[in-house]
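Undergrad: Fold the stuff below for me.
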Amino acid sequence: MYKKRVLVFFLMMFFTSKISFSQCAMCKAVVENGDSSMAEGINNGITYLMVFPYLLVGLLLFVIYRYKRINEK
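TA: Okay, here's the model as predicted:
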């Protein structure tokens, strides 16, 4: 049951990431004065930079989980 929930969570994160672009106030002001290709590039950059902190936190939690699981035995 737990594995199914985790799989559904990651699938939802993967498929909704394309539609959930966001921008800070400065980025939005720059994009409003530019063309659509520049706006798409900025959105992709923001998404790219946003992914890595989540991956690092996930890796940290996985390492802690494995460490605790090994020490229980």
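Undergrad: Can you say which helix or strand has the residue positioned nearest the centre of the chain in it?
TA: Note on the chain: the residue nearest the mean C-alpha position is residue 51, at 3.6 Å, using C-alpha atoms, centre = their mean. According to DSSP states H and E, residue 51 maps onto helix 36-72.
Undergrad: who does that helix touch, helix- and strand-wise?
TA: Where contact means 3 or more C-beta pairs under 8 Å, 6 or more residues apart in numbering; DSSP states H and E, helix 36-72 is packed against helix 25-32. The C-beta positions use only the backbone N, C-alpha and C, and glycine is treated the same way.
Undergrad: What average pLDDT does the helix it packs on get?
TA: Helix 25-32 shows a mean pLDDT of 70.
Undergrad: what does stretch 40-52 give?
TA: Mean predicted confidence for stretch 40-52 is 83.
Undergrad: For residue 7, which three-state class applies?
TA: With DSSP: H, G, I helix; E, B strand; the rest coil as the basis, residue 7 sits in helix.
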